[in-house]
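Enquirer: can't give you the sequence, but here's the structure:
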């Protein structure tokens, strides 16, 4: 999280244009990195003096709240906002999920311009509710089910059309294999692409052999 906050802070404004709130957030990020790091490597830190007494308690919920509030105040002073996009949220440890929800709760209460968009497996609402009872008031949990045949076909064909000169897929659409489930569509598409790439390689080798044969025949005829 420290890495994400560091990136967001640097994108809020160039360092030489930081205002008071951004400089304070950088110092708090330094404190957070010092308190959270267990191996002594401060990969998420910025070269500033830490702000003693803030985000350095060792309590992840309290420290992450201090850090995100400071980042949000810096963003507000620079008239912008921050959105964190988090994938596979269900893999967060219970303490990490609790800390994230506690920080977001404080952000909502203080109307700070930070938002979090998370993605995860269907058990995510249950995990969030078990971590903090108020989680259902913080998020809108949207279920993404199976795609319809048209959307599933587009998910397979559009990337291929953008990367190659093909205009339409060949063979089965795989609906009986992936059944519209996004992850299976992704895996099915990868198999198709890998096989197509092998076919392109074989066609390329055959083309090179034909060119080589023509070259040899031309030289032999000339001689």
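Expert: Great, that's in hand. Small disclaimer: the values here were computed from a predicted structure and weren't measured.
Enquirer: quick one: the closest residue to residue 110 other than its chain neighbours from residue 184, how far?
Expert: Spatial nearest neighbour of residue 110, excluding adjacent residues (C-beta to C-beta, 6 or more residues apart in numbering): residue 69 at 6.8 Å. (Each C-beta comes from the backbone N, C-alpha and C, glycine too.) Here the distance between residue 69 and residue 184 works out to 41 Å (C-beta to C-beta, to the nearest Å).
Enquirer: between these two, which one's more packed in?
Expert: The residue with more neighbours, out of residue 69 and residue 184, is residue 69; 21 against 15, by other C-beta atoms under 10 Å.
Enquirer: phi, psi of that one?
Expert: Per-residue torsions, residue 69: phi -60, psi -40 (degrees, to the nearest 10).
Enquirer: surely it touches residue 107?
Expert: Yes - the criterion here is C-beta atoms under 8 Å, and residue 69 meets it with residue 107 at 6.6 Å.
Enquirer: what strand or helix carries residue 190?
Expert: Using DSSP states H and E, residue 190 sits within helix 182-222.
Enquirer: what's the pLDDT at residue 201?
Expert: Per-residue confidence (pLDDT) for residue 201: 47.
Enquirer: list the buried ones in stretch 111-122?
Expert: Using 16 or more other C-beta atoms under 10 Å as the burial criterion, the residues of stretch 111-122 that qualify are 112-114, 116, 118, 120.
Enquirer: could you redo these as CSV and give each row secondary structure?
Expert: Below are the buried residues of stretch 111-122 laid out as CSV (DSSP: H, G, I helix; E, B strand; the rest coil):
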residue, secondary structure
112, coil
113, coil
114, strand
116, strand
118, strand
120, coil
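Enquirer: which positions in stretch 93-101 come out as buried?
Expert: Neighbour counts over stretch 93-101 (16+ other C-beta under 10 Å) mark 96-101 as buried.
Enquirer: all helices of this protein, in order?
Expert: Listed in chain order, the helices of the chain (DSSP state H) span 2-12, 20-36, 60-77, 94-109, 124-131, 135-138, 149-163, 175-178, 182-222.
Enquirer: many thanks, I have nothing further to ask.
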